[in-house]
Structures are given as C-alpha cells and as structure tokens.
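> structural data only, the sequence is not supplied:
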C-alpha cells in the first residue's frame, strides 16, 4: 500500500491581506454600541461607571433606619442607653460578638441604569458646561484640576459630536 505523495505548498496571499483596510465609522448618537452606565449617589449626584456597577461603601445601619427605634426608645426604657450627657453615666460596654463596630455598618452600592447614546451625550454636555463654568471661577490652586477634568470630558464627548 503506498502513501499519497505529499507536496509542499506555499500558502497564497490571505483574503484579509488582499482586502482594503476597513476603518470603522465614528460613533454617532444613534450608534447602538455607544452606551454607558449612569449611577446615582444618595445625595442625588450622578456619575458614569466604567465597570457597569455603582460605588460601594460601608454606611452605619442607623442611616438606613436599622434598628427602627426612635430616640426615646433608644435612650429610655429598661434596655435603653440612658442619659446622653457625658459624665453623668458610665458608658456600657457590650463585649458580645454582635457588638463589634463592623456589626453596626453595612455595605451599600449605588443604583445604576444603563443609558443609551443620546442620554450619554446629554449627560456629558451638562458635565462639560458645569466644568467650563467652574473653570471660569476657579482659583489658581484648582484651575489645573478642573482643566484636566474638562479635557477628559471633552475627549469622552468626541463620540457624541455630529
């Protein structure tokens, strides 16, 4: 039984090499691939998230209304902490596991929504206008920082220009 002859062949020019260089069109407001994630902090300020999720931070449980005692309930009663004036009473020390300082905090994450190209451009335009206003009134010690912020916002907004 004989084996078929193996001829060494050189590969011809690839299809990719022969085709002209394709340059993608710049993104426009209607480009479906242009999107971002807009997050909102508790104070109402908004920011763009590069990761798609909001900032995380530890906050005291009391800020979230946990426990749901009123001040009268917290200070008064049999299990209350008593008088809040310093020096009138020794501070009680609770050494149980649940009394650790980290037990009084919880992690929260800012809520985020995915926005389309038009909403992104409107957000960036508002930020640019705000940065330009702040740059006009900036003192010499903050002028460079605001100028850098404005430059990065304008760079990001180049995708939005018509």
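Happy to help now that I have it. Fair warning: this is a prediction, and the values are worked out from it, not measured in the lab.
> what's residue 62 in contact with, if anything?
Residue 62 sits next to residue 104 when contact means Cβ atoms under 8 Å, 6 or more residues apart in numbering. C-beta coordinates here come from the backbone N, C-alpha and C atoms, glycine included.
> and stretch 51-60, average pLDDT?
Mean pLDDT, stretch 51-60: 88.
> same question, stretch 123-139
Stretch 123-139 carries an average pLDDT of 95.
> for the particular helix or strand that has residue 127 in it, buried residues please.
For residue 127, the enclosing helix or strand under DSSP states H and E is helix 117-136. With burial defined by 16 or more other Cβ atoms under 10 Å, the residues of helix 117-136 counted as buried are 117, 120, 121, 123, 124, 127, 128, 131, 134.
> got CSV for the residues you listed, with distance to residue 45 too?
Shown next, in CSV, are the buried residues of helix 117-136 (distance: Cβ to Cβ, whole Å):
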residue, distance to residue 45
117, 22
120, 17
121, 19
123, 12
124, 15
127, 11
128, 16
131, 14
134, 14
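> check which helices and strands whatever helix or strand residue 107 lives in is in contact with.
Secondary structure assignment for residue 107, by DSSP H and E: strand 105-109. Here strand 105-109 touches strand 56-60, going by 3 or more Cβ pairs under 8 Å, 6 or more residues apart in numbering; DSSP states H and E.
> partners of the strand it packs on, with directions?
Using DSSP bridges, the strands paired with strand 56-60 are strand 105-109 (antiparallel).
> following element in sequence after the partner strand, please.
Per DSSP H and E, strand 105-109 leads on to strand 112-115 as the next helix or strand towards the C-terminus.
> where does pLDDT dip in this structure?
Scanning the chain for pLDDT under 70 picks out 1-35, 63, 65-103, 162.
> let's see that with 50 instead.
Low-confidence segments of the chain, defined by pLDDT under 50: 1-2, 4, 6-32.
> ends of stretch 49-62, how far apart?
This stretch, stretch 49-62, spans 27 Å end to end (Cα to Cα, to the nearest Å).
> can you tell me how far residue 110 is from residue 51?
12 Å (Cβ to Cβ, to the nearest Å).
> which one of those two has more residues nearby?
residue 110 (17 against 9; other Cβ atoms under 10 Å).
> contacts only, for the more buried one.
39, 40, 41, 42, 54, 55, 56.
> between the residues you listed, which is nearest residue 139?
Nearest to residue 139 among these is residue 41, at 25.7 Å by Cβ to Cβ.
> so that closest one touches residue 56, yeah?
No - Residue 41 is beyond contact range of residue 56, at 11.6 Å (criterion: Cβ atoms under 8 Å).
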